[in-house]
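Enquirer: coords please:
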Amino acid sequence: MECAMSYIEFPRSVTRAQQAEVEFDQFFDATLDRTIALLTLITRDVHAAEDAAQEAYARAYQRWGHVGAMDRPDLWVVRVGTNIAINLWKKHSREKNLDQETAGRQPDMDGLIADEQWVSWGLDTLSPSQRRAFVMHHAQGWSIPDVAIDMKATESTVRTHLQRAREKLRALLSTDKTS
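Expert: Below is the predicted model of the structure:
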């Protein structure tokens, strides 16, 4: 899962700013699709994932001197994008709850579940940290150490998130089979 960045020799007439621009463009082209795919799995919303990725890459561009020097700038972008997506989700949830309280009614859970695929529904039952660890490790194939780096957590914490996520999803499967 290494971030494949190929460095090219620049003529002396090319400025460092121009070099950084080319390096960022290469990085962006090499990692954008994977970043959006991962953020889509985490958010379950391709539009939110694209927005979060766009903002994360904009921040990476602004800090390219620092971010580009990292061993894994792709992990930085995914972490920032995930944080942006989670913040947007929290804001949306607060607004949705306020709307429901104002309307004085509960959401139609049957309609929501019927409209969602089982995987999305199962991922909804996980906490944001569990969902993030589960998607990165199982759906994207990231190693536990890479997930830990991205989440700024210990490997033990990541293993705990993964174990709890699997337990919740197993419980849903067993409930589904007996229904």
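Enquirer: contacts for stretch 143-158?
Expert: 1, 72, 75, 78-79, 82, 129, 132-133, 136-137, 142, 159, 161-162 (C-beta atoms under 8 Å, 6 or more residues apart in numbering). Any C-beta I mention is one placed from the backbone N, CA and C, and that applies to glycine too.
Enquirer: need the worst-confidence member of those.
Expert: Lowest pLDDT of the contacts of stretch 143-158: Met1, 43.
Enquirer: please parse the protein into its domains.
Expert: 13-107, 108-179 (automatic domain parsing).
Enquirer: mean neighbour count added to the ones you listed, as JSON lines?
Expert: Below are the domains of the chain laid out as JSON lines (neighbours: other C-beta atoms under 10 Å):
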{"stretch": "domain 13-107", "mean neighbour count": "16"}
{"stretch": "domain 108-179", "mean neighbour count": "15"}
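Enquirer: confidence-wise, which of those is weakest overall?
Expert: domain 108-179 (a mean of 75).
Enquirer: what's the distance between that domain and the middle of its chain?
Expert: 13 Å (C-alpha atoms, centre = their mean, to the nearest Å).
Enquirer: stretch 17-32 now?
Expert: With C-alpha atoms, centre = their mean, you get 21 Å for stretch 17-32.
Enquirer: coming back round to it: now, the contacts of stretch 143-158 that are in helices?
Expert: Among those, the members falling in helices (DSSP state H) are Leu75, Val78, Arg79, Thr82, Ser129, Arg132, Ala133, Arg159, His161, Leu162.
Enquirer: so can I have TSV of those showing distance to Gln19?
Expert: Below are the ones in helices among the contacts of stretch 143-158 laid out as TSV (distance: C-beta to C-beta, whole Å):
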residue	distance to Gln19
Leu75	23
Val78	24
Arg79	25
Thr82	29
Ser129	38
Arg132	34
Ala133	36
Arg159	41
His161	39
Leu162	40
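Enquirer: so which of these would you say is closest to Arg16?
Expert: Nearest to Arg16, judged by C-beta to C-beta, of the ones in helices among the contacts of stretch 143-158 is Leu75 at 24.4 Å.
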